[in-house]
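> Dropping the sequence and predicted coords here.
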Amino acid sequence: MKPNVGRSRSCTSGNTRTPDATWSGWSGPYTTALGSHINSPKARYLQWKAALTGANGTSPVLTSVSAAYLPRNTRPVVDSVYPLDDAAAAHARLEQPDRFGKVVLECRST
């Protein structure tokens, strides 16, 4: 951005698609042009806002915003476990519309 142009960015986060009372408050402004750590609590959704102010007739332009994150190493969700001999039933379970998570085939040595 050009000199005499102000900018600040703030973030809020929450676990519902639409911001509501369960969301965090807005973070203090991030003012560094090169970016900084997001201070909002970890959540499923992130919302940001930018306040741009011009001076001497200038109009600031925001050309891009990016938020980088690293997802936590989380345990997979297992829907069901089948013995290898029952692979046909496991495959049928994969086709069920109410399945949520992994279908596991268990291989046991005898």
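That came through, no problem. All values derive from a computational prediction rather than experimental measurement. Numbering: from 1, shown residues only.

> just checking, what packs against the worst-scoring helix or strand of the chain on mean pLDDT?
Across the helices and strands of the chain, mean confidence by mean pLDDT, DSSP states H and E is lowest for strand 6-14: a mean of 82. Applying 3 or more Cβ pairs under 8 Å, 6 or more residues apart in numbering; DSSP states H and E, one finds that strand 6-14 contacts strand 45-53. For glycine as for every other residue, the C-beta is placed from the backbone atoms N, C-alpha and C.

> ok, and what's touching the least confident helix or strand of the chain?
Residues outside strand 6-14 that contact it (Cβ atoms under 8 Å, 6 or more residues apart in numbering) are 1, 19-20, 22-31, 33, 38-53, 55, 60, 62, 65, 67.

> and that strand with strand 45-53, angle?
Here the directions of strand 6-14 and strand 45-53 differ by 160 degrees (axes from the mean of the first three to the mean of the last three Cα atoms, to 10 degrees).

> what comes up buried for strand 6-14?
By neighbour count on 16 or more other Cβ atoms under 10 Å, the buried set for strand 6-14 is 7, 9, 10, 11, 12, 13, 14.

> Save those residues as TSV, and put in distance to residue 89 too.
TSV is the format used below for the buried residues of strand 6-14 (distance: Cβ to Cβ, whole Å):
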residue	distance to residue 89
7	59
9	52
10	52
11	47
12	46
13	41
14	40
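
> Which two of these have the greatest separation?
Largest separation among those by Cβ to Cβ: 7 and 14, giving 24.4 Å.
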